[in-house]
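S.K.: Predicted model, plus sequence, below.
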Amino acid sequence: MRHLRALLIKFIASFAILYIVLGFVDDVSFRDIFTISLVLTVVAYALGDLTILPRTNNTVATVSDFVLAFAVIWSMSETMTYQENTFFNSFIASLGIAIVEYFYHKYVSREVLKNRSDAPNRMQFQTEASEEISPHTRPENRDKE
């Protein structure tokens, strides 16, 4: 139920932004905007919200959602519409979606991923250096110097 609610919120936000930018400015049909919103919602939720967000932070997930949204919106609007130049409006729509995604990720982290036991921990690496690694400090090599 948590995932369904999150998907619905994401779809409504994406649809509203795409309808404003692509529907009013580029005169893209309702059906095409609905299709782009649906594909973008499913792909971005699976990749950005369930894969990237638990492993990184909100900023990285938002930037990756911007790139993904731009790729999906631009490629689908180029193939589905008869508009001459969809690059700029796809960029503006992706920017609007990225702004909404920043706040949406806070909701997903708080409500959807809060008790998720199968989510991997954030990768925290630590390096260690010791004197035993250097060949000059080993006891058997001290006599050779």
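M.R.: Alright, I've got the coordinates.
S.K.: Which pLDDT value goes with residue 122?
M.R.: Here, the pLDDT recorded for residue 122 equals 56.
S.K.: ditto for residue 116
M.R.: 58.
S.K.: in the protein, which segments are predicted with low confidence?
M.R.: 115-126, 128-145 (pLDDT under 70).
S.K.: For it, which segments count as helices?
M.R.: Counting by DSSP state H, the chain has helices at residues 2-18, 30-44, 53-55, 58-80, 87-107, 139-142.
S.K.: can I have the fourth one written out in PDB, keeping just the CAs?
M.R.: As requested, the backbone C-alpha atoms of helix 58-80 are provided in PDB (Å, rounded to 0.1, in the frame of the first residue of the first chain):
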ATOM      1  CA  ASN A  58      18.800  13.000  -1.700                       C
ATOM      2  CA  THR A  59      21.000  15.100  -3.900                       C
ATOM      3  CA  VAL A  60      22.500  12.300  -5.900                       C
ATOM      4  CA  ALA A  61      19.000  10.700  -6.400                       C
ATOM      5  CA  THR A  62      17.600  14.100  -7.500                       C
ATOM      6  CA  VAL A  63      20.300  14.600 -10.100                       C
ATOM      7  CA  SER A  64      19.900  11.100 -11.400                       C
ATOM      8  CA  ASP A  65      16.100  11.600 -11.600                       C
ATOM      9  CA  PHE A  66      16.700  14.800 -13.600                       C
ATOM     10  CA  VAL A  67      18.900  13.000 -16.100                       C
ATOM     11  CA  LEU A  68      16.500  10.100 -16.300                       C
ATOM     12  CA  ALA A  69      13.500  12.400 -16.700                       C
ATOM     13  CA  PHE A  70      15.200  14.400 -19.400                       C
ATOM     14  CA  ALA A  71      16.100  11.300 -21.300                       C
ATOM     15  CA  VAL A  72      12.600   9.800 -21.100                       C
ATOM     16  CA  ILE A  73      10.700  13.000 -21.800                       C
ATOM     17  CA  TRP A  74      12.900  14.100 -24.700                       C
ATOM     18  CA  SER A  75      13.100  10.700 -26.400                       C
ATOM     19  CA  MET A  76       9.400   9.900 -26.000                       C
ATOM     20  CA  SER A  77       8.300  13.400 -27.100                       C
ATOM     21  CA  GLU A  78      10.600  13.300 -30.100                       C
ATOM     22  CA  THR A  79       9.100  10.000 -31.200                       C
ATOM     23  CA  MET A  80       5.400  10.600 -30.200                       C
END
